[in-house]
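In: Could you work out the structure for the sequence below:
(chains A and B)
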Number of protein chains: 2
Amino acid sequence: MAENKNTDSIEVWRTFLETWKVWKKGVDRNLQTMGLGSTEYSILRHLFEDGKMPMVQMANLIMVTPGWITGLIDTMEKNGLVKRVRNTEDRRIIDLVITEAGIHLFKKAKSHHTEYIAMSLEKMNAESLSRLKVLLDDLKDSIVETCSIKADE
Amino acid sequence: MAENKNTDSIEVWRTFLETWKVWKKGVDRNLQTMGLGSTEYSILRHLFEDGKMPMVQMANLIMVTPGWITGLIDTMEKNGLVKRVRNTEDRRIIDLVITEAGIHLFKKAKSHHTEYIAMSLEKMNAESLSRLKVLLDDLKDSIVETCSIKADE
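Out: The predicted model follows:
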């Protein structure tokens, strides 16, 4: 019985992982047609939705190392999508800010991305989708509760 | 109505992405206690289950660039987990092979990983798990069918 539970669990994990791989690939390709990597898209989204924030906080949010994000931000700044601004309250802190051009590209990419996601789910009916959403929430809760990992860590 | 469908879809995507992030973090931390990164674990798993294969094929399987995998394989070879062997039929091809030490570590890591996955799903009952598995399969099929992405591409 314990053996069976283990087998089922690992099958769920493997299916989840395979699904992630194809979805991620599709999302990446779709954003690439707008000239954006998916990490760059996430950076624009966070800056647009949550406002300016320090580099370190952004690196945590998108789960990359501070070293890795620096190069990416350099490129995005050169392309006029974001800029670095000294924090007015604590001048040791450098904040990231989205520019007007960044907002413009983000809005276009967002609608493109939303359309892609809707299309990728076309073969599923509304009931399956809402069930899936509930089960994914349960799954996330189970992972967080059993392994003491914070969702926003 | 079309607007609603879009909203639901993007919510499913966001929940999926958030779930992936916490699960991936948990899996990585757990494998790290065995001294393995999750990519190294995948490499060992593919070599153990599918036998030797060329570097390029492995890079495709685990979705990294050939340049990136070279550095990783260098480290794994230095640690005695894999080795590079010239293909006997086509001597221009270098195959990757898992070593005895690699097999030993993989088996230990696999049971550790399987236990972690089972634990992370502890809060879900058997019915929810099997439903989730079915819905994830449907999701994967929908993505592959609508976006012409192959699951093993």
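
In: just checking, what packs against the helix or strand encompassing A:Leu17?
Out: Per DSSP states H and E, A:Leu17 falls inside helix A:2-32. For helix A:2-32, the packing partners by 3 or more Cβ pairs under 8 Å, 6 or more residues apart in numbering or on different chains; DSSP states H and E come out as helix A:38-50, helix A:100-120, helix B:2-32, helix B:100-120, helix B:126-147. (Glycine included, C-beta is placed from N, CA and C.)

In: hmm, try it at 6 Å
Out: Applying 3 or more Cβ pairs under 6 Å, 6 or more residues apart in numbering or on different chains; DSSP states H and E, we find helix A:2-32 packed against helix A:38-50, helix B:100-120, helix B:126-147.

In: Could you tell me the angle between that helix and helix B:38-50?
Out: Helix A:2-32 and helix B:38-50 are oriented at 120 degrees to each other (axes from the mean of the first three to the mean of the last three Cα atoms, to 10 degrees).

In: burial count for A:Thr33?
Out: 10 (other Cβ atoms under 10 Å in any protein chain shown).

In: show me where pLDDT drops low in chain A?
Out: For chain A, residues meeting the criterion pLDDT under 70 lie at A:1-7, A:148-153.

In: now with 80?
Out: A:1-7, A:63-66, A:147-153 (pLDDT under 80).

In: So it: which segments form each domain?
Out: Following automatic domain parsing, chain A resolves into domains at A:2-122, A:124-153.

In: ok, back up a step: the helices and strands packed on helix A:2-32: which one's closest to A:Glu122?
Out: With Cβ to Cβ, the closest approach to A:Glu122 among these belongs to helix B:126-147: 5.1 Å.

In: Can you confirm whether the closest one lies near chain A?
Out: Yes: using Cβ under 6 Å from any Cβ of the partner chain, we find that helix B:126-147 touches chain A at B:129, B:132-133, B:135-136, B:138-140, B:142-147.

In: hang on, the earlier thing: kindly reformat the helices and strands packed on helix A:2-32 as a markdown table containing distance to A:Ala101.
Out: Shown next, in a markdown table, are those (distance: least, Cβ to Cβ, whole Å):
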| stretch | distance to A:Ala101 |
| --- | --- |
| helix A:38-50 | 10 |
| helix B:100-120 | 42 |
| helix B:126-147 | 29 |
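
In: closest to B:Thr39 out of those?
Out: Closest approach to B:Thr39 among the helices and strands packed on helix A:2-32 is made by helix B:100-120 (12.7 Å; Cβ to Cβ).

In: Contacts only, for A:Ala109.
Out: The neighbours of A:Ala109, taking Cβ atoms under 6 Å, 6 or more residues apart in numbering or on different chains as the test, are A:34, A:36, A:41.

In: just to revisit the earlier point, buried ones in the helix holding A:Leu17?
Out: Neighbour counts using 16 or more other Cβ atoms under 10 Å in any protein chain shown place A:6, A:8-10, A:12-13, A:15-27, A:30-31 of helix A:2-32 among the buried residues.

In: re the thing from before, closest one of the residues of helix B:126-147 next to chain A to B:Lys78?
Out: Checking these against B:Lys78 by Cβ to Cβ gives B:Lys140 as the nearest, at 36.6 Å.

In: how many other residues sit next to that closest one?
Out: B:Lys140: 20 neighbours (other Cβ under 10 Å).

In: List the contacts of it.
Out: Residues in contact with B:Lys140 (Cβ under 6 Å, 6+ apart) are A:Thr19.
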